[in-house]
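Peer 1: Return a 3D structure for these sequence lines:
(one chain, ligands or ions: 1)
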Amino acid sequence: MSLRVGCPRCAAPVARVPDSDGGWTCPDHGEVAALWQPTTASYDDLVAHLGHAGSFPTYLPWPLGPGWTVTDFAVVADDVGARATMTCVSGTSALDGPVDVFVVSEEPGTGLGARIAGLGPTGRADPGEEVGDGPATVKVRLGSFPVGLWPVSVSGTDGEWDRSVVVGEAEGRWLWLVLRPASAILLLRDDWILRDVSETGPQLVALPFGGPAPSW
Ligand SMILES: [Zn+2]
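Peer 2: The predicted model follows:
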């Protein structure tokens, strides 16, 4: 197993809970479901990722544009099952230069999407009431199923980096898209398809992996 373990909500190192059956504890967040992520994104690590994720979906924008690669992924799971998955694809656009697109699917309260969105220092684990307020700004499709997305403000956070965040809800889970730089939100159109990689099967072999993983 080459995936490394961490806290879903922060970068602090986690430790095994003594006398537990696979529990992990973070100095800041207490007992947490472990975050598993590769050192460098690769086919073998994605197979290991999907093993941790089980039946929980792992969404990738599909198809990837020319020159775009899968640069990172992660799964949050405990002995009950997966709570969240994340993928990141990176490439370039004529207007934005280098672009990172993160897709997070998670059970409410997990906090991985909020962390990647840059909301971690606010203590929030979930988006706010903006999700579902008024018409959706944009829709993406999970397979053939349309999912509305609403912008989530990241102003007031310490703003280490420039990003846009949109969030929707599908099957009782949050769906976060975080795009860097913020201007890359214009790439997001209603015909975007997010495909569940756990159902992709042998086509996994053809996925382009690239590094380095963007920081988050
Ligand atoms: Zn933590």
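
Peer 1: which residue packs closest to residue 71, ignoring adjacent ones?
Peer 2: residue 90 (4.4 Å; Cβ to Cβ, 6 or more residues apart in numbering). Placement of C-beta: from N, CA and C, glycine included.

Peer 1: just checking, what packs against the host helix or strand of the one you found?
Peer 2: Under the criterion of DSSP states H and E, residue 90 resides in strand 81-93. With contacts taken as 3 or more Cβ pairs under 8 Å, 6 or more residues apart in numbering; DSSP states H and E, strand 81-93 sits against helix 43-53, strand 59-62, strand 69-78, strand 97-106, helix 112-117.

Peer 1: Can you tell me which of these is packed in deepest?
Peer 2: With neighbours defined as mean count of other Cβ atoms under 10 Å, the helices and strands packed on strand 81-93 peak in mean count at helix 112-117, which reaches a mean of 27.

Peer 1: can that helix be found next to the ion?
Peer 2: No - contact of helix 112-117 with the ion (Cβ under 5 Å from the ion) is absent, the minimum separation being 8.8 Å.

Peer 1: Get me the contact residues on the protein for the ion.
Peer 2: 7, 9-10, 12, 26, 28-29.

Peer 1: Tell me the buried residues within these.
Peer 2: Buried by 16 or more other Cβ atoms under 10 Å: 7, 9-10, 26, out of these.

Peer 1: In CSV: the residues you listed, plus secondary structure and pLDDT.
Peer 2: Formatted as CSV, those follow (DSSP: H, G, I helix; E, B strand; the rest coil; pLDDT from 0 to 100):
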residue, secondary structure, pLDDT
7, coil, 96
9, coil, 95
10, coil, 94
26, strand, 96
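
Peer 1: Residue 42: which of these is nearest?
Peer 2: The nearest member of those to residue 42, counting by Cβ to Cβ, is residue 7 at 22.9 Å.

Peer 1: picking up where we left off before, out of the helices and strands packed on strand 81-93, nearest to residue 143?
Peer 2: strand 59-62 (9.7 Å).

Peer 1: List the strands paired with the closest one, with their directions.
Peer 2: Within its sheet, and counting by DSSP bridges, strand 59-62 is paired with strand 193-196 (antiparallel).

Peer 1: Other residues contacting the strand it pairs with?
Peer 2: 57-62, 103, 140-143, 175 (Cβ atoms under 8 Å, 6 or more residues apart in numbering).

Peer 1: For residue 39, state which of those is nearest.
Peer 2: residue 58 (18.2 Å).

Peer 1: any idea how far the closest one lies from residue 50?
Peer 2: 7 Å (Cβ to Cβ, to the nearest Å).

Peer 1: Let's see the distance spanning stretch 198-207 from one end to the other.
Peer 2: Start-to-end span of stretch 198-207 (Cα to Cα, to the nearest Å) is 13 Å.

Peer 1: my bad, stretch 35-54
Peer 2: 14 Å.

Peer 1: Let me see the mean pLDDT of it.
Peer 2: For stretch 35-54, the mean pLDDT works out to 94.

Peer 1: what number of residues lie near the closest residue to residue 21 other than its chain neighbours?
Peer 2: Nearest residue to residue 21, sequence neighbours excluded (Cβ to Cβ, 6+ apart): residue 79, at 6.1 Å. The tally of other residues near residue 79 (other Cβ atoms under 10 Å) stands at 10.
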